[in-house]
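J.: Pasting a predicted model and its sequence here:
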Amino acid sequence: QVQLVESGGGLVQPGGSLRLSCAASGSTFRSYHKGWFRQAPGKERVFVAAITWSDGVTYYADSVKGRFTISRDNAKDTVSLQMNGLKPEDTAVYYCTAGPRIVTTPPYDMDIDYSGKGTLVTVSS
């Protein structure tokens, strides 16, 4: 069993930055691919970014490519999402995820076995 807890959300002005973190418990976490999804108000949850568990290859949704960076620390069982150049359309609840498979052809996606409860990011002036 894996439990995921996100932190780092908040209110930020357009153009600003935030760093989301996800702490995991459970001995099998490091063998899962890690990812971030987001759900904007009134919309479905969508893929944001993923990173492979072994060699750290990363995948990004087109909407965040070049602005967001996903990273992981297998020794600490954490995964992070550095978000720069934030836009109002990035406003959403962000979820940390872990799963066995990443879809590695566009549009990228990820199978989810575990998800955190989410952290709210609001981009507004």
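T.: Thanks, I have it. This structure is a prediction, so every number in the text was calculated from the model and none was measured. Residues are numbered from 1 along each chain as shown.
J.: Look up which residues are beta-bridged to the spatially most central residue of the chain.
T.: Most central in the chain under C-alpha atoms, centre = their mean is Trp36, positioned 2.0 Å from the mean C-alpha point. On the basis of DSSP bridges, Trp36 is bridged to Ala49, Cys96.
J.: Show the model's pLDDT score for it.
T.: Per-residue confidence (pLDDT) for Trp36: 98.
J.: do Arg30 as well
T.: Reported pLDDT for Arg30: 81.
J.: Confirm it sits in a helix?
T.: Yes. The assignment for Arg30 by DSSP: H, G, I helix; E, B strand; the rest coil puts it in a helix.
J.: what number of residues lie near it?
T.: Neighbours of Arg30 under the rule other C-beta atoms under 10 Å: 18. In this view, the C-beta of every residue, glycine as well, is placed from N, C-alpha and C.
J.: Verify the contact between it and Lys76 for me.
T.: No. With contact defined as C-beta atoms under 8 Å, Arg30 does not count as touching Lys76 (9.7 Å).
J.: what is in contact with those two at once?
T.: Here Arg30 and Lys76 have no joint contacts, going by C-beta atoms under 8 Å, 6 or more residues apart in numbering.
J.: Around the nearest residue to Gln1 once chain neighbours are set aside, how many other residues sit close by?
T.: Counting by C-beta to C-beta, 6 or more residues apart in numbering, Gln1 lies nearest to Gly26, which is 5.4 Å off, once chain neighbours are set aside. A count of nearby residues for Gly26, using other C-beta under 10 Å, gives 14.
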